[in-house]
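>>> 3D model of this:
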Amino acid sequence: MKINDRQKLGNSGTELTAMGLSGTPLGNILVPVDEDDALETIGEVSVLAR
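So this is what the prediction gives:
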């Protein structure tokens with residue numbers, strides 16, 4: 001599997017990447033996360049998904 005492989009979501013026509021980023025840790029659920037660190041993480045993932 002490649003990070004940007006896509007799969008269709010049912011019959012909706014929507015495509016999602018096969019691999020995703022769980023946002024739970026970025027929402028301060030388990031431990032406090034600095035907002036700048038969270039934004040940097042999302043930015044890095046978006047670069048890898050291209």
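>>> show me the strands in the protein, by range?
Remark: strands assigned in the chain by DSSP state E are 6-8, 15-17.
>>> quick one: mean pLDDT for the first one?
When the per-residue pLDDT values of strand 6-8 are averaged, the result is 88.
>>> now the strands of the chain in CSV, with distance to Glu40 and mean neighbour count?
Any C-beta I mention is one placed from the backbone N, CA and C, and that applies to glycine too. Formatted as CSV, the strands of the chain follow (distance: least, Cβ to Cβ, whole Å; neighbours: other Cβ atoms under 10 Å):
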stretch, distance to Glu40, mean neighbour count
strand 6-8, 25, 10
strand 15-17, 19, 12
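>>> distance to Leu48 added to these, as JSON lines?
Formatted as JSON lines, the strands of the chain follow (distance: least, Cβ to Cβ, whole Å):
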{"stretch": "strand 6-8", "distance to Leu48": "14"}
{"stretch": "strand 15-17", "distance to Leu48": "10"}
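>>> Thr41: neighbour count?
Here the count is done by other Cβ atoms under 10 Å, and Thr41 has 15 residues near it.
>>> who's in contact with it?
Applying Cβ atoms under 8 Å, 6 or more residues apart in numbering, we find Thr41 in contact with Leu21, Leu26.
>>> I'd like to know how far it sits from Glu35.
11 Å (Cβ to Cβ, to the nearest Å).
>>> with Val47 instead?
19 Å.
>>> ok, now Gln7?
Going from Gln7 to Glu35 by Cβ to Cβ gives 31 Å.
>>> next: Leu9.
As judged by Cβ to Cβ, Leu9 and Glu35 stand 30 Å apart.
>>> look at the spatially most distant residue from the centre of the chain and report its pLDDT.
Relative to the C-alpha centroid of the chain, counting by Cα atoms, centre = their mean, Asn11 is the outermost residue, at 22.1 Å. Asn11 carries a pLDDT value of 92.
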